[in-house]
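Enquirer: Please work out how this folds:
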Amino acid sequence: MSTINAAVMSARTVEDKFKGNIDNIPQFLFSGDSHVDEPVDLWASLPKDQQDALPKLVNWDPAKRPAGGLDPKIRLEHMDLDGVAGEILYPTMGLRAFAAPQKAQENAFRLYNDWLADYCKTSPKRLFGVPCLSVYDIDVAVKELQRCHDMGLKGGLVWQVPEPSLPFKSDHYEKLWAAASELGAPINFHILSGFSYNRFMPQAQGMEVVRGSVNIKTADAVTTVFDLIWSGVFERHPNLKLELVESEIGWLPFVLQQWDYYYGRFTKPGQSAMQKFEISRKPSEIFNEHFYATFMDDFVGAHMLKIWGEKNCLWSSDYPHANMTWPNSRAFLAKQLGEMEPSRIKRFTSQNAIDLYQLKL
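Expert: This next block holds a predicted model:
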């Protein structure tokens, strides 16, 4: 049996298990986080020392991994099989290049962005690529954001965990926030990008693998959101939109609740512990207006969506990665969202992504 036929049989088995809920899931799905697989020779034109500083690109085995990551025509067939009308596309090995030295990173990202734009031209009303931005030199980042916007790419991916001397709470990024606001381009933060645990995963063993995949990964996302909210970025850039990608969502309502509590506690007049902050309203209010987040297989987070995050959260398939919901996406969604009212399900499975990226499908 071929890989595709086996996947279809698997999908039918899962759908049978949750048949009662699948009827509530729309036929029209839109993935807010899927991936491409970079061609192995993508960076071959770079000087050898720059190639050596970048992650080695992989020639994935098509018997074990869907070939649509590299071939957009196959991807469209697989999207049809899964009922997915459109996808927001991120890199695969390119995520690890966010920890590369500046010059190698800038050159690699430019090559990747050109290739990604060509990939998406296969179906420009279904495939929407997010360019990679090197932010060591913020002027370079702004110029590349504009260039990629002109090519039809959407948003701009920066490191989720910055180089330590360039934290998000610094003013280093101000020109980028301003340019993104002016273009209406979301800035994206994907797991495994930057100076985080994934740089050391090959050496991790046993419990340390899980520590990185859960504890450190979540702490990275918390820190990114914290620095961006509490440093007053949105006081200065009221039109800026940001997106957390593949960090899941179950942790968010709790963290925002805690930040709101301490904001209220430390801004209450007459308190000896009163603090002066760079924000003038509750962190949850700032988040609700400016942040989006993707979820894939997050049963806890999905159940919180009954009371929270209606306009902030986007479903993702993660195709063609090992964690993907393809080709069982409607079955996965039935398990997580199937009991919600249809208008709310529609927001999570398509409309929020369409609104964020101002798409006309």
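Enquirer: quick one: the strands in the chain?
Expert: All strands of the chain, identified by DSSP state E, fall at 29-35, 84-90, 127-129, 156-158, 187-190, 242-245, 291-295, 313-315.
Enquirer: now, of those, which is deepest in the fold?
Expert: strand 313-315 (a mean of 29; mean count of other Cβ atoms under 10 Å). Using the backbone N, CA and C atoms, a C-beta is placed for each residue, glycine as well.
Enquirer: check contacts around residue 349.
Expert: Shown in contact with residue 349 (Cβ atoms under 8 Å, 6 or more residues apart in numbering): 25-26, 28-30, 315, 333, 337.
Enquirer: Identify the bridge partners of the residue nearest to residue 348 when sequence neighbours are not counted.
Expert: Excluding its sequence neighbours, the residue lying closest to residue 348 (Cβ to Cβ, 6 or more residues apart in numbering) is residue 315, at 5.3 Å. For residue 315, the beta-bridge partners are residue 295 (DSSP bridges).
Enquirer: Next, the contact list for residue 315, please.
Expert: Here residue 315 is in contact with 29-32, 294-296, 333, 337, 348-349 (Cβ under 8 Å, 6+ apart).
Enquirer: pLDDT and distance to residue 111 for these - can I get that in JSON lines?
Expert: What follows is these, written out as JSON lines (pLDDT from 0 to 100; distance: Cβ to Cβ, whole Å):
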{"residue": "29", "pLDDT": "97", "distance to residue 111": "31"}
{"residue": "30", "pLDDT": "98", "distance to residue 111": "28"}
{"residue": "31", "pLDDT": "98", "distance to residue 111": "25"}
{"residue": "32", "pLDDT": "98", "distance to residue 111": "25"}
{"residue": "294", "pLDDT": "98", "distance to residue 111": "26"}
{"residue": "295", "pLDDT": "96", "distance to residue 111": "31"}
{"residue": "296", "pLDDT": "94", "distance to residue 111": "28"}
{"residue": "333", "pLDDT": "93", "distance to residue 111": "35"}
{"residue": "337", "pLDDT": "93", "distance to residue 111": "38"}
{"residue": "348", "pLDDT": "97", "distance to residue 111": "34"}
{"residue": "349", "pLDDT": "97", "distance to residue 111": "33"}
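Enquirer: and the residue located most distally from the centre of the chain, what pLDDT?
Expert: Ranked by distance from the centre of the chain (Cα atoms, centre = their mean), the top residue is residue 270, with 41.9 Å. pLDDT for residue 270: 71.
Enquirer: just the one 4 residues further on next, same as before
Expert: pLDDT, the model's per-residue confidence, is 81 for residue 274.
Enquirer: Nearest the geometric middle of the protein, what residue?
Expert: residue 245 (2.2 Å).
Enquirer: hang on, that one packs against residue 192?
Expert: No. The criterion here is Cβ atoms under 8 Å, and residue 245 misses it with residue 192 at 9.9 Å.
Enquirer: Noted, bye for now.
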